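[1] Just the structure for this:
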Amino acid sequence: MEKIDSFTVDHNKLKRGIYVSRKDKVGAEVVTTFDIRTKLANQEPAMDIPAMHTMEHLGATFLRNHKEWSEKTIYFGPMGCRTGFYIIFHGDLKSEDIVEVTREMFDFMAEFEGEIPGTNKIECGNYVSHDLTVAKWESNKYRSEVLSDLKEENLNYPQ
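    Next up is the predicted model:
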């Protein structure tokens with residue numbers, strides 16, 4: 001059985017950041033999957049499920065309504081390990097290409113007020129599992145500690 005590329009990344013060396021996880025051809029087109037790593041793997045607690053669920057709703061809402069990126073957005077969702085999110089965009093992209101939209105998305109999540117989009121019984125499969133307060137705290141922590149000072153080590157997987 002062939003190993004999945006993301007399982008070959010040394011998570012002991014992985015910083016929080018924005019990484020190209022993979023690029024796939026779909027017909028003649030390329031889609032790029034990004035690893036939005038918000039937590040240090042195996043070194044700090046994983047994200048709280050209700051907060052992460054809220055961030056998923058807010059991030060997806062933001063991206064699907066973004067003036068430039070809505071047409072390029074294929075998917076935004078949580079990692080099973082709860083240390084970040086995946087974003088899939090249409091196009092052959094690199095980490096630097098999505099820094100600004102990622103900053104905007106985390107600003108949106110950190111500053112969001114009001115009713116969380118898609119959180120009623122009809123729209124969501126677990127509508128009671130949300131936490132806006134902790135989602136805003138996690139978003140602010142990532143934007144202030146990581147997105148405000150991105151370096152090479154936050155944009156390319158460790159070798």
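
[2] what about the strands in the chain?
    17-26, 29-37, 73-78, 84-90 (DSSP state E).

[3] Identify whichever of these lies nearest to P158.
    Closest approach to P158 among the strands of the chain (C-beta to C-beta): strand 17-26, 9.6 Å. Heads up, the C-betas are built off the backbone N, CA and C, glycines and all.

[4] ok, that closest one: who's next to it in the sheet?
    Here strand 17-26 has these sheet partners by DSSP bridges: strand 29-37 (antiparallel).

[5] Tell me who's in contact with the residue nearest to K39 when sequence neighbours are not counted.
    Nearest non-adjacent residue to K39, counting by C-beta to C-beta, 6 or more residues apart in numbering: T83, 4.0 Å away. Listed by C-beta atoms under 8 Å, 6 or more residues apart in numbering, the contact partners of T83 are 37-41, 46-47.

[6] quick check: longest helix of the chain.
    helix 49-64 (DSSP state H).

[7] how distant is it from the center of its chain?
    What separates the centre of helix 49-64 from the centre of its chain is 9 Å, taken as C-alpha atoms, centre = their mean, to the nearest Å.

[8] okay, and for the chain, where does confidence drop off?
    Residue ranges of the chain with pLDDT under 70: 1-6.

[9] Not counting sequence-adjacent ones, nearest residue to the spatially most central residue of the chain?
    Nearest residue to the geometric centre of the chain (C-alpha atoms, centre = their mean): F85, 3.2 Å. Computed as C-beta to C-beta, 6+ apart, the closest residue to F85 that is not its neighbour in sequence is I36, at 4.4 Å.

[10] Count residues in the vicinity of that neighbour, would you?
    27 (other C-beta atoms under 10 Å).

[11] beta partners of it?
    Bridge pairing for I36 - DSSP bridges - gives I18, F85.

[12] Quick check: it touching V20?
    No. Applying C-beta atoms under 8 Å, one finds I36 not in contact with V20, separated by 11.2 Å.
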